[in-house]
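S.K.: Build me a model from this:
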Amino acid sequence: MCAQQFVYILGSFNLFLAGIAVICVTHAENHPEHYSLVYIAISIFIFYMGTILVIIMLQIIETYQEQNQLALEIQIPVLKILVPSQSNAIIDENLTIPKEMIRFSVLCIFLAIVFVAGQEQDNLINTNVERTLDLVSHLPKETISVTIENRGTKAVRYYDYYAEPQHVNDVAFVGAVVKGKNTDDQASLPIKQEATDKTKGAIYRIELPSDLRAGQTITLEIEVVHANALRMYPEEITQAERQLVLYKTNAYYYSRYATTTQKTIVTLPTDRAESYTQTPKPVAKSEQTITYGPYENVAALARNEISLHYENNNAFLTVSNIKRWIEVSHWGNIAVEETIDIYHSGAKLKGSFSRLDFQRKQDSYSAVKTFKTSLPASARDVYYRDEIGNVSTSHVREMQDQVEVEIRPRFPLYGGWRTHYILGYNVPSYQYLFNKGNQYVLKMRLVDHVYDDQLLEQATIKIILPEHARNIEFYAPPYDVQRLPNEKHYTYLDTVGRPVVVISKRNVLFQHIQDFEIHYTFDKIMLFNEPMLIVIPLFGLFCLVIILARLNFNISHNESSESRMRIQAIWEQIVENNIKRSSFYQKLDDALNAYKTNKDLKIYNEQRKKLENELKNVQQDLTTLQTKIKADSADSSEKIAELQRLDAQQREIQLALSGHTEKLVTGKMQKQPYLEQEQLLRNKVRDINARVTAIINQY
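M.R.: I've put the predicted structure just below:
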């Protein structure tokens, strides 16, 4: 066997191994979408280079002829090698690698790459497509119902939607669901933007709910919303002119797959169409509807541009910037405030504005006078204001499932005009904040409804969590958002600041009104942090005031002030003394009444002597106080002496009453005279007590 035959056999064997490697890669069933052409190309390139090197080495050995050849130049595809000869080497000058071998290798590589790249999804075909293009608002909406059939031999898990090159930059939303009877089929399918090609457009890869096996069909409903895709034509209009717009699109459904049959239905806001493309046939117009098709056997990536020039006087409102603050309080409230910059994105006003014409004719077709905002049904304390203050022309209407706010700016909005306002409200936290122990979950809308067919060019959402919240995790809605670094927000009684989760999103539409979740940890004991910051300083302040009130900061000695304080202190003791005195007399009365009942004179005498001794002690204390106060106040001393005289009178009355009671018990005195004497003595006691109370109350 010659060397050249051996080379062919070895090269064929290497290509066979390369084919085996390619088949192994393409038959991986776990995640086939993760394999790209890069891995396949590298595998084949390694085998190809191995084959070329074997050919070179074998031909160098076989053509061993001349010893004085300086160098050998070998020509191979995409490679030029200069091989220096040795002094004893004999190399054929006419050495060449067989062209048939090179062509065969390159052809096999090209066919393998093409085969691998397209074998999965190019077997799909769109059997039927119904495309509805809604041009009623300033946001063109496409609703595409496409029936897909797998005519290959392998299962497919993904379907690629292509956005046309001219609409790559204005696609704001792409969504897809499976059309079916079950409610589970209506769940949104995961979509990921794979790449953007200037010639083919943007690729959105839709993940099917399950593998689409060979011969099976599935019907998807794809929703596409375009932003800033309409062109004002003309760009400027007067106050009384109607607004005309121009929109260009494809008559066909732009797809990487061939389509068996399809049609496009265009819905206009009115039946006034200035012009529209009437090819490719058939094209039919009926009032507000223009139908293109049906078309059959449309090739992949087929394009046929159509233009639609029509009247559209609907509200061309665009929010250039919205800042949404969501402040969470664990005391039962969530405060929401939105700062909105909004402008009219329609045809600009030509000339000056006439308020008289606006109010008289009421024919400003494109002007926006009012629009409605929908808030959650539990929203309360709604406020709407601008730089000047509260805007009283707004109206709030509470409905069963929402709170509707009619926003009426201070002036109508024409093309290019803009305004700025702040809208805020409160909602109860129990509807959006859930917890299990110290673990909390906040689930709210990322944005609210601002107006119908809304377009928010730039939205910044800041969620202010309670102070000392930690382990914060943010779970975005099912679309791409930008998570910015966390911030700190300081308000009343904050010490370390409240953590703020910052989210940014461009081109926010009505379809983006979906819930986000924030998980975080918060110790419930920290709820009392701010109340204690109020209570502790106030308590300390009161204690300080109490202490300071009892301190004397006078530099000079104030004799009169000290005298008053001593007198006041003595009278406080006199009051306590009088209270004791009254209690002793009450005990004497109780003992006397008990004696009348049990007639035990011995027990009565013992109790009386004991109480009289205690009364003497009280009287001695009163005498001591009189001595102390005499130097400071003669008047107070006389009052104390009066109290002593009254006490002596009451003691005499008590003795007389005791004597009458003994006579009654021993039978020496009748009951009726006794009662008369007792009543007389009791009245005297009451008079004495009244005089004592009057004297004490003077001080």
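S.K.: which element is the residue positioned nearest the centre of the chain on?
M.R.: The residue lying closest to the centre of the chain (C-alpha atoms, centre = their mean) is residue 463, at 5.0 Å. Residue 463 is part of strand 455-464 when elements are defined by DSSP states H and E.
S.K.: need the helices for the chain, in chain order.
M.R.: Using DSSP state H, the helices of the chain run over 3-26, 37-62, 99-118, 355-361, 529-549, 559-598, 601-630, 634-666, 671-697.
S.K.: Least reliable of these by average pLDDT, please.
M.R.: Here the lowest mean pLDDT among these goes to helix 99-118, at a mean of 52.
S.K.: show me what contacts residue 418?
M.R.: Residue 418 is in contact with 320, 341, 342, 343, 344, counting by C-beta atoms under 8 Å, 6 or more residues apart in numbering. All C-beta spots, glycine's among them, are computed from the backbone N, C-alpha and C.
S.K.: That one and residue 319: what is the separation?
M.R.: Distance, residue 418 to residue 319, by C-beta to C-beta, to the nearest Å: 10 Å.
S.K.: that older thread, which one of the contacts of residue 418 is nearest residue 696?
M.R.: Nearest to residue 696 among these, counting by C-beta to C-beta, is residue 341 at 76.4 Å.
S.K.: so what's residue 442 closest to, chain neighbours aside?
M.R.: Leaving out its chain neighbours, the residue that sits closest to residue 442 by C-beta to C-beta, 6 or more residues apart in numbering is residue 518, at 4.4 Å.
S.K.: and that neighbour, how many residues sit next to it?
M.R.: The tally of other residues near residue 518 (other C-beta atoms under 10 Å) stands at 20.
S.K.: ok, it - contacts?
M.R.: For residue 518, the contact set (C-beta under 8 Å, 6+ apart) comprises 441, 442, 463, 465, 472, 473, 474, 475, 501.
S.K.: can you do 10 Å?
M.R.: Going by C-beta atoms under 10 Å, 6 or more residues apart in numbering, residue 518 touches 326, 328, 433, 440-444, 463, 465, 469, 472-475, 501.
S.K.: what's the answer for residue 498, then?
M.R.: Residue 498 makes contact with 327-328, 464-469, 487-491, according to C-beta under 10 Å, 6+ apart.
S.K.: Same question for residue 381.
M.R.: Residues near residue 381 by C-beta under 10 Å, 6+ apart: 333, 335, 424, 425, 426, 427.
S.K.: Including pLDDT and neighbour count, could those go into CSV?
M.R.: Below are the contacts of residue 381 laid out as CSV (pLDDT from 0 to 100; neighbours: other C-beta atoms under 10 Å):
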residue, pLDDT, neighbour count
333, 96, 15
335, 97, 16
424, 96, 16
425, 97, 22
426, 97, 19
427, 97, 21
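S.K.: Skipping adjacent residues, who's closest to residue 195 in space?
M.R.: residue 203 (5.2 Å).
S.K.: likewise residue 404?
M.R.: Nearest to residue 404 is residue 397, by C-beta to C-beta, 6+ apart, at 4.5 Å.
S.K.: okay, now the one you found: neighbour count?
M.R.: Other residues near residue 397 come to 10 when the count uses other C-beta under 10 Å.
S.K.: can you pull the contacts of it?
M.R.: Applying C-beta under 10 Å, 6+ apart to residue 397 gives the contacts 372, 403, 404, 405, 406.
S.K.: Now for the third one, how many residues are close by?
M.R.: As a burial measure, residue 404 scores 14 neighbours (other C-beta under 10 Å).
S.K.: Could you double-check that it sits in contact with residue 376?
M.R.: No - applying C-beta atoms under 10 Å as the test, residue 404 and residue 376 come out as separate, 11.3 Å apart.
S.K.: overlap in contacts of the two?
M.R.: Common contact partners of residue 404 and residue 376 (C-beta under 10 Å, 6+ apart): residue 449.
S.K.: residues contacting residue 477?
M.R.: When the contact criterion is C-beta under 10 Å, 6+ apart, the partners of residue 477 are 445, 446, 447, 503, 505, 512, 513, 514, 515, 516, 517.
S.K.: For the spatially closest residue to it that is not a sequence neighbour, the count of nearby residues, please.
M.R.: Counting by C-beta to C-beta, 6+ apart, residue 514 is the residue found nearest to residue 477 once chain neighbours are left out, at 4.0 Å. Applying other C-beta under 10 Å, we find 13 residues neighbouring residue 514.
S.K.: for residue 514, phi and psi?
M.R.: phi -140, psi 170 (degrees, to the nearest 10).
S.K.: which ones are touching it?
M.R.: Residue 514 makes contact with 188, 445, 446, 447, 476, 477, 478, 479, according to C-beta under 10 Å, 6+ apart.
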